[in-house]
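K.L.:
give me coordinates for this.
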Amino acid sequence: MKLPGNLRFTINEKLFLKDPESSDLGRKILKHSILMIDEIGFDAFTFKKLGECIGSNESSIYRYFENKHKLLLYLSSWYWSWVEYRMLFAIQNIDDSKEKLHRVVYEVTCEVKDDIRTEYIDEAVLNRIIISEYSKAFLTKEVDTENKDGFFLVYKKVISLLANIIAEVNPEYPYSKSLASSVVVGALNQHFIKRHFKSITDFSEPDKNVASFYIQTLDKILL
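P.N.:
Numbers count the residues shown, from 1 in each chain. Predicted coordinates for the structure are as follows:
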């Protein structure tokens, strides 16, 4: 799907000190932090290493983000905003509830490809970070405080959108929110297993994929 060239997402202002999308340096920080976290992992990633990579002082990165945790939360919010956009775009002018369900499930479970319209964000690489590192954004002692501050709002909006369509398909099903969150979290886990533990997944076969698995599973549960 091609995104409009001027597409911008509203990210919680508490996640940054200066909007990184407002300057060339800020966009460079986003682009190369994604590439570096994917390459070396979030635990090994530091602002000092990022500064050396982009030819900038470490202090200049701290003008945008208080710490690398806030940067990860920012990248996560950007990713889930992009997923939400894709979900809403996919069901425009669609009235059939089952078709809407299939489309939104596909968007939250499919293989992600880079969109060239967002030149400083590689969505395919960012997706790999979300799969491998996203739990580190909320498995912290500060999760409840950060949740109150709205840091996970977009993530919850993605799940709520899916839950609302599940309830639309089958109003009698009593666990729409739990099922929706299980699909979103489970899909990330299945993509991780597909890449690292191939002996315990069916997705190594070309005619099987994560999106089809969840679409078929929800059809059996709801219809």
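K.L.:
could you find the closest non-adjacent residue to residue 20?
P.N.:
Closest residue to residue 20 apart from its sequence neighbours, by C-beta to C-beta, 6 or more residues apart in numbering: residue 26 at 3.2 Å. Any C-beta I mention is one placed from the backbone N, CA and C, and that applies to glycine too.
K.L.:
can you point out the helix or strand that includes the one you found?
P.N.:
According to DSSP states H and E, residue 26 maps onto helix 24-40.
K.L.:
in that helix, what's buried?
P.N.:
25-26, 28-38 (16 or more other C-beta atoms under 10 Å).
K.L.:
go on, stretch 209-223?
P.N.:
For stretch 209-223, a neighbour-count test (16+ other C-beta under 10 Å) marks 209, 210, 211, 213, 214, 215, 218, 222 as buried.
K.L.:
same question, stretch 101-112
P.N.:
Using 16+ other C-beta under 10 Å as the burial criterion, the residues of stretch 101-112 that qualify are 101, 102, 103, 104, 105, 106, 107, 108, 109, 110, 112.
K.L.:
for those residues, which one is nearest residue 170?
P.N.:
residue 101 (9.5 Å; C-beta to C-beta).
K.L.:
show me what the helix or strand where that closest one lies is packed up against.
P.N.:
When elements are assigned from DSSP H and E, residue 101 belongs to helix 97-109. Where contact means 3 or more C-beta pairs under 8 Å, 6 or more residues apart in numbering; DSSP states H and E, helix 97-109 is packed against helix 68-90, helix 153-169, helix 176-196, helix 210-222.
K.L.:
out of the buried residues of helix 24-40, which one sits closest to residue 126?
P.N.:
For these, the nearest to residue 126 is residue 34 (5.4 Å; C-beta to C-beta).
K.L.:
just to revisit the earlier point, closest one to residue 202 among the helices and strands packed on helix 97-109?
P.N.:
When the helices and strands packed on helix 97-109 are compared by C-beta to C-beta, helix 210-222 sits nearest residue 202, at 7.8 Å.
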